[in-house]
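1. sequence first, then the predicted structure, then my questions.
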Amino acid sequence: MTTTTLAALVPVLPFLGAAAGLLLGRTAPGFVRPLAVLPVLASLVLTALVAARQGGGRALDASTLLTPTGSVPVDLALHIDGFAALVAVLVAFVASCVQIYSTGYLREDPRYPSYAALVSLFTSAMLLVVYSGDLIVLLVGWEVMGICSYFLVGHYWETPEARAASLKAFLVTKLGDVPFLIGLFALGTDAGSFRITRVLATVASGGLDHPTLIALLLLAGVAGKSAQFPLHTWLPDAMAGPTPVSALIHAATMVAAGVYFIARLLPVFEASAAAMVVLAAMAAVTMVGSGLSALAQDDIKRVLAYSTIGQLGYMTGALAVGDRGAAVFHLLAHGAFKALLFLAAGVVIHAGGTNSLAAMSRMSHLRDRVPDAFWTMTVALLALAAIPPFSGFFSKESVLGAAEHTATGHEGPVPGAAGWIVLVAGLVTALLTAAYATRLWLLAFRGRGAEAPEHVREPLTMTVVLWVLAVPSLAFGGLAYRTLPGWFDGRGLAPTLLTSVLGTGLAVVGALLTYGVWQRTSARAARVPLGAVAAHPEGDAGQVEAEAIAAHEPAYGDIARAPDPADPARVLLGPLFRPAASGFHLDAVYSALFVRPVLAAASLVRFLDREVVDTYVRGAAALPRLLGAAVRRAQTGNVQTYVSALLAGTVVLTVAVLLVASGA
C-alpha cells in the first residue's frame with residue numbers, strides 16, 4: 001500500500017469510528033468502547049508508518065480535483081513533510097490516550113457514546129488539518145473542530161457554566177474565523193490556487209500582492225483558535241467540559257491547529273515585517289499575562305488552562321522570530337506533558353472529593369492517596385517548568401535560543417525587535433511558569449484543605465495512560481533535539497549556553513521563591529477547617545466532575561476568594577492577585593466594549609422594527625381593510641337589493657349618457 005493511501009486512511013478511520021459509534025450507541029452499547037479506541041489506535045499505527053516512510057525527507061504530495069469552481073480550483077490534496085508527519089503522530093497518540101482514559105473516567109456517563117464519537121470526529125478533523133495540502137480542505141477540518149469543541153465543552157449541558165462556556169468558546173473562535181476566512185480567500189486569489197505548495201511558491205517569487213493585510217487577517221483566526229491575546233478568554237472557561245476533553249484540546253487539537261497553520265505557511269507571514277512584529281507582541285503579552293493569571297487561580301484546571309495559553313505563546317514567539325522548527329519542537333513536547341497534566345488532574349479531582357471542580361485550596365494529603373497521579377504529575381510539572389533534563393527544558397530553550405539569535409544576529413526577514421520582545425517575555429514567563437507549577441504542586445499534594453473520605457481506586461485504564469505519557473514527558477526532549485533538525489528545516493535545536501543559564505536560573509528562582517513563601521505562610525497560618533465533604537459513592541470521576549460544576553463552588557465563581565491562608569500567590573502577586581485571578585477583567589472589558597453595545601443595538605433595531613416599520617405596515621394594510629369592509633357591507637345576499645342597485649345604476653348611466661349626448 002502506498003504512503004499516500006496510508007495517509008488518506010489516517011483521518012478516515014476515526015471518522016468512520018465516530019459514525020459507527022453514533023449509529024450503534026443505543027442499539028449495541030457493547031461496541032461503543034471498541035469503536036472509540038480501535039480506530040484511533042489504528043490511525044496511530046498508520047501515522048507512525050507514514051512518518052517512518054517520509055523520514056524527514058522530501059515532502060509527499062498527492063492531489064485530485066475535488067470540484068470545479070470556475071475560478072480558483074479546490075483540490076483534495078495531501079502535503080506531508082516532516083512537520084506534518086510528526087504532528088500527526090502526536091495527535092493520534094494523545095487522542096488514543098484520551099479515548100483509553102475516558103473508558104474509565106466516564107464509565108457511568110449515560111452520554112458516553114456521543115462523547116466518544118465526538119472525540120473521534122475531533123481527532124479526524126485535526127488529522128485532516130495536519131495532512132491537508134489545500135487550504136479549503138484544511139478549513140473544513142478547522143471548522144469541524146470548532147463544532148466538536150462546542151458539543152464537548154458543553155457535555156454537562158445541565159449546568160449553566162458548561163452551556164455558557166461552550167457558547168463562549170464557539171463565538172470567540174468564530175470571531176477570529178471571519179477574518180481568517182477572508183484572509184484565506186485573499187491568499188488563494190493572489191496565488192491563483194489554494195494548494196499550499198503553489199501558495200508558498202508564489203510567496204517565494206514575490207507574487208503576493210497584499211502580504212501584510214493577508215497575514216494580519218490570518219493571525220486573527222490563529223489568535224482565536226490557539227487562544228492568543230486578545231481572543232484567549234474562551235479557553236479557561238472551557239474547563240467546564242470533561243477533563244479528558246481538556247487534555248485533547250490543550251495537548252494535540254484545536255489550540256495546536258493555529259500554531260501548526262502558521263508553521264506550515266510561515267513564509268506568508270515572513271513576507272511582512274509588520275506582521276512578524278505584531279505576532280511577537282501578541283506572543284509576549286500572551287506569555288506574561290497568562291503566567292500571572294495562572295499564578296492566581298485556585299482551580300487546578302484553570303491553572304493548566306492559563307499554562308496552555310502561555311506555552312502556546314512560546315510557540316507563536318518562536319514563529320515570530322522565524323524558527324518554525326523550535327515552535328513545532330515545543331508543540332510536540334508540550335503535547336505530551338500537558339496531556340499528562342490534565343489527565344493526572346482528572347485523577348486528583350476524583351480523589352479530592354472537594355465538591356468543587358478542583359479547588360486546590362481545599363485539597364489535603366493527596367500524595368499518598370493518589371501516588372500514580374503524584375509521581376506522574378511531578379514529572380509533567382518539572383517538564384512544564386523547563387527543568388533539565390525533562391523534555392520541556394530542551395523545547396523551551398530552543399525557543400529562547402531562536403529569539404536570542406534573532407535579537408542579536410538581525411538575520412533574515414524578521415526584525416531584531418521581534419527577537420528582543422520574545423526573548424524578554426520568554427525569560428519572564430520562565431520565572432512565572434516555575435512559580436505557578438511549584439504552587440500547584442504544593443497546594444495539590446501538600447495542601448491544608450479539608451480531609452476527604454477514602455475514594456474508590458481509579459480504573460487501570462486511567463493510571464496506565466498516566467505512566468505512558470510520563471515517558472515522553474521525561475525523555476522526549478533529550479532525544480529529539482538531536483534528531484528533529486533533519487525532519488524540519490535543518491536549523492539546530494540544541495540549547496544555547498546563555499539562554500539555558502538564564503532560563504533555568506529564573507525557573508529555579510521562581511520555584512524556590514514560591515516554596516519559601518509557602519513555608520513562611522504555612523507556619524504562620526492557623527489551620528482553617530474547610531469542612532469535610534463526601535466523595536461520590538460510585539467512584540466515577542466523570543460524575544463527580546458533573547456534580548462539582550453543578551455545585552456552583554468557587555472554581556467558577558469568584559476565584560479570587562480562595563480560603564487557604566497559606567496560598568503563596570497572595571504574597572507573590574500582592575495587589576495584582578485579584579486582577580490576575582479574574583484574567584485582568586478582560587471579559588468585563590469585552591462585555592462593556594462589544595457585548596453591551598451589540599445588545600443595545602439589537603434592542604434599538606427591535607424597537608424600530610416594532611414601533612416604526614410595523615406602524616407603516618399596519619397603516620398600509622388599514623386602507624384596503626376599510627375598503628374591504630365597505631364592499632363587504634354591500635354584499636347583503638338579498639336579490640331584490642341587487643336588482644334595485646342594478647336598476648339604479650342603469651338609470652344613472654342612462655342619464656349620464658343623455659347629458660353627454662345633449663352637450664355634444
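-> The structure has been received and is ready for your questions.

2. just the strands from this structure, written as ranges.
-> Assignment of strands within the chain using DSSP state E yields the ranges 60-67, 74-80.

3. most tightly surrounded among the ones you listed?
-> Per-stretch averages of neighbours, counted by mean count of other Cβ atoms under 10 Å, single out strand 74-80 among those, with a mean of 21. Every residue, glycine included, has its C-beta placed from N, CA and C.

4. would you mind pulling up the elements that it packs against?
-> Counting contacts by 3 or more Cβ pairs under 8 Å, 6 or more residues apart in numbering; DSSP states H and E, strand 74-80 packs against helix 3-24, strand 60-67, helix 112-131, helix 135-153, helix 196-204.

5. cutoff 6 Å now
-> helix 3-24, strand 60-67 (3 or more Cβ pairs under 6 Å, 6 or more residues apart in numbering; DSSP states H and E).

6. by mean pLDDT, show me the worst of these.
-> Here the lowest mean pLDDT among the helices and strands packed on strand 74-80 goes to strand 60-67, at a mean of 86.

7. check contacts around the residue nearest in space to the middle of the chain.
-> Nearest to the mean C-alpha position of the chain, by Cα atoms, centre = their mean, lies Val255 at 4.0 Å. For Val255, the contact set (Cβ atoms under 6 Å, 6 or more residues apart in numbering) comprises Ser226, Ala227, Leu312.

8. got a pLDDT number for it?
-> pLDDT at Val255 comes out at 93.

9. not counting sequence-adjacent ones, nearest residue to it?
-> Ser226 (4.8 Å; Cβ to Cβ, 6 or more residues apart in numbering).

10. how much space separates that neighbour from Leu46?
-> According to Cβ to Cβ, to the nearest Å, Ser226 and Leu46 sit 26 Å apart.

11. between the two, who's got more neighbours?
-> Ser226 (28 against 25; other Cβ atoms under 10 Å).

12. from Leu493, how far off is the more buried one?
-> From Ser226 over to Leu493 (counting by Cβ to Cβ), the distance is 21 Å.

13. next one: Ala223
-> Distance from Ala223 to Leu493, by Cβ to Cβ: 26 Å.

14. same deal with Arg570?
-> Taking Cβ to Cβ, one finds Arg570 at 39 Å from Leu493.

15. looking at these two, which one has more neighbours?
-> Leu493 (25 against 18).

16. among the contacts of Val255, which lie within helices?
-> Leu312 (DSSP state H).

17. between the contacts of Val255, which is nearest Ala588?
-> Ala227 (18.5 Å; Cβ to Cβ).

18. please tell me how far the closest one sits from Thr308.
-> 7 Å.

19. which of these two has more residues huddled nearby?
-> Higher neighbour count among Ala227 and Thr308: Ala227, with 31 against 28, using other Cβ under 10 Å.

20. if I look at the nearest residue to the more buried one once chain neighbours are set aside, how far off is Asp372?
-> With sequence-adjacent residues excluded and distances taken as Cβ to Cβ, 6+ apart, Ala227 is closest to Leu235, at 4.1 Å. Look at Leu235 and Asp372: by Cβ to Cβ, they are 27 Å apart.

21. and if you look at Met276?
-> In terms of Cβ to Cβ, Met276 sits 44 Å off from Asp372.

22. which one's more surrounded, those two?
-> The residue with more neighbours, out of Met276 and Asp372, is Met276; 26 against 18, by other Cβ under 10 Å.

23. so that one sits right up against Val414, yeah?
-> Yes. Met276 is in contact with Val414 according to Cβ atoms under 6 Å; the separation is 5.3 Å.

24. give the contact list for the nearest residue to Ala407 once chain neighbours are set aside.
-> Nearest residue to Ala407, sequence neighbours excluded (Cβ to Cβ, 6+ apart): Gly419, at 3.2 Å. Neighbouring residues of Gly419 by Cβ under 6 Å, 6+ apart: Val321, Ala403, Thr406, Ala407.

25. can you pull the contacts of Leu466?
-> Residues near Leu466 by Cβ under 6 Å, 6+ apart: Ala344, Asp372, Thr376.

26. and those residues, which is closest to Thr636?
-> Closest to Thr636, out of all of the contacts of Leu466 and judged by Cβ to Cβ, is Ala344, at 87.7 Å.

27. I'd say the closest one and Trp375 touch.
-> No. The criterion here is Cβ under 6 Å, and Ala344 misses it with Trp375 at 9.2 Å.

28. more neighbours: which of those two?
-> Shown here are Ala344 and Trp375; by other Cβ under 10 Å, Ala344 has more neighbours (32 against 15).

29. which ones are touching that one?
-> Ala373, Thr376, Met377, Leu466.

30. excluding chain neighbours, what is closest to it?
-> Using Cβ to Cβ, 6+ apart, the closest residue to Ala344 is Met377 (4.0 Å).

31. how much space between that neighbour and Ala351?
-> The gap separating Met377 from Ala351 is 12 Å, by Cβ to Cβ.

32. of these two, give the one with the bigger neighbour count.
-> Met377 (31 against 25).

33. give me the pLDDT value at the more buried one.
-> At Met377, pLDDT is 95.

34. what's the spacing between it and Asp61?
-> 42 Å.

35. and if you look at Leu646?
-> For Leu646, the distance to Asp61 - Cβ to Cβ - is 87 Å.

36. what's the answer for Pro495, then?
-> As judged by Cβ to Cβ, Pro495 and Asp61 stand 34 Å apart.

37. what is the burial count for the spatially closest residue to Val12 that is not a sequence neighbour?
-> Leaving aside its sequence neighbours, Val12 sits nearest to Ser124 (Cβ to Cβ, 6+ apart; 7.5 Å). Here the number of neighbours of Ser124 (other Cβ under 10 Å) works out to 29.

38. now swap in Leu181 and tell me
-> Leu181: 17 neighbours (other Cβ under 10 Å).

39. now do Gly313
-> The burial count for Gly313: 31, using other Cβ under 10 Å.

40. is it true that it touches Gly289?
-> No. The pair Gly313 / Gly289 is not scored as a contact, 8.7 Å apart, by Cβ under 6 Å.
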